[in-house]
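A.B. asks: When you get a sec, could you give me coordinates for this:
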Amino acid sequence: MSLQRQTYLVVGFIVLLGVILGHWVSPWWLLLPALMGVGMLVAAAMGFCNMTRLLSKLPWNEPHSGKI
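C.D. replies: The predicted structure is shown next:
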């Protein structure tokens, strides 16, 4: 799966989780989707996404060296 799709998946999950928790637990959880929105705005304005950079460091996203 591409890094872009992984980023969309994580952001979408966090937004959905924040909305659900904001509705059922506490309105303070609505800050979570708001922070994701701010992060997306910054990523669009600056041309880079910190979440994508973080996801790129996960083991399944490391480039293969060709060694077994």
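A.B. asks: Quick check, Gln4 in contact with Ser56.
C.D. replies: No: using Cβ atoms under 8 Å, Gln4 is not in contact with Ser56, being 10.9 Å away. Where C-beta positions appear, they are placed from N, C-alpha and C, glycine not excepted.
A.B. asks: May I see the buried residues of the longest helix along the chain?
C.D. replies: Using DSSP state H, we find that the single longest helix of the chain is helix 3-24. Within helix 3-24, the residues that count as buried by 16 or more other Cβ atoms under 10 Å are 6-7, 11, 14-15, 18, 21-22.
A.B. asks: what do you get for stretch 25-38?
C.D. replies: Going by 16+ other Cβ under 10 Å, stretch 25-38 has these buried residues: 29, 32-33, 36.
A.B. asks: Show me these that map onto helices.
C.D. replies: 32-33, 36.
A.B. asks: can you put the residues you listed in CSV and add distance to Val42 and pLDDT?
C.D. replies: Putting these into CSV (distance: Cβ to Cβ, whole Å; pLDDT from 0 to 100) gives the following:
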residue, distance to Val42, pLDDT
Leu32, 16, 95
Pro33, 15, 95
Met36, 11, 93
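A.B. asks: Turn those residues into JSON lines, including distance to Asn50.
C.D. replies: Listed next are these as JSON lines, based on distance: Cβ to Cβ, whole Å:
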{"residue": "Leu32", "distance to Asn50": "16"}
{"residue": "Pro33", "distance to Asn50": "17"}
{"residue": "Met36", "distance to Asn50": "12"}
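A.B. asks: so where is the chain shaky, pLDDT-wise?
C.D. replies: 64-68 (pLDDT under 70).
A.B. asks: Convert the C-alpha atoms of stretch 20-40 to PDB, please.
C.D. replies: Taking Å, rounded to 0.1, in the frame of the first residue of the first chain, the C-alpha atoms of stretch 20-40 are listed here in PDB:
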ATOM      1  CA  ILE A  20     -17.400   8.900  17.800                       C
ATOM      2  CA  LEU A  21     -15.600   9.500  21.100                       C
ATOM      3  CA  GLY A  22     -16.700  13.200  21.000                       C
ATOM      4  CA  HIS A  23     -20.300  12.100  20.700                       C
ATOM      5  CA  TRP A  24     -20.400   9.300  23.200                       C
ATOM      6  CA  VAL A  25     -17.600  10.100  25.800                       C
ATOM      7  CA  SER A  26     -16.700  13.800  25.900                       C
ATOM      8  CA  PRO A  27     -16.800  16.800  23.500                       C
ATOM      9  CA  TRP A  28     -13.100  17.300  24.200                       C
ATOM     10  CA  TRP A  29     -12.400  14.400  21.900                       C
ATOM     11  CA  LEU A  30     -13.500  16.600  19.000                       C
ATOM     12  CA  LEU A  31     -10.100  18.200  19.300                       C
ATOM     13  CA  LEU A  32      -8.700  15.100  17.700                       C
ATOM     14  CA  PRO A  33     -10.400  15.600  14.300                       C
ATOM     15  CA  ALA A  34      -9.700  19.300  14.500                       C
ATOM     16  CA  LEU A  35      -6.000  18.600  14.900                       C
ATOM     17  CA  MET A  36      -6.100  16.300  11.900                       C
ATOM     18  CA  GLY A  37      -7.700  19.000   9.900                       C
ATOM     19  CA  VAL A  38      -5.000  21.500  10.900                       C
ATOM     20  CA  GLY A  39      -2.300  19.000  10.100                       C
ATOM     21  CA  MET A  40      -3.800  18.500   6.600                       C
END
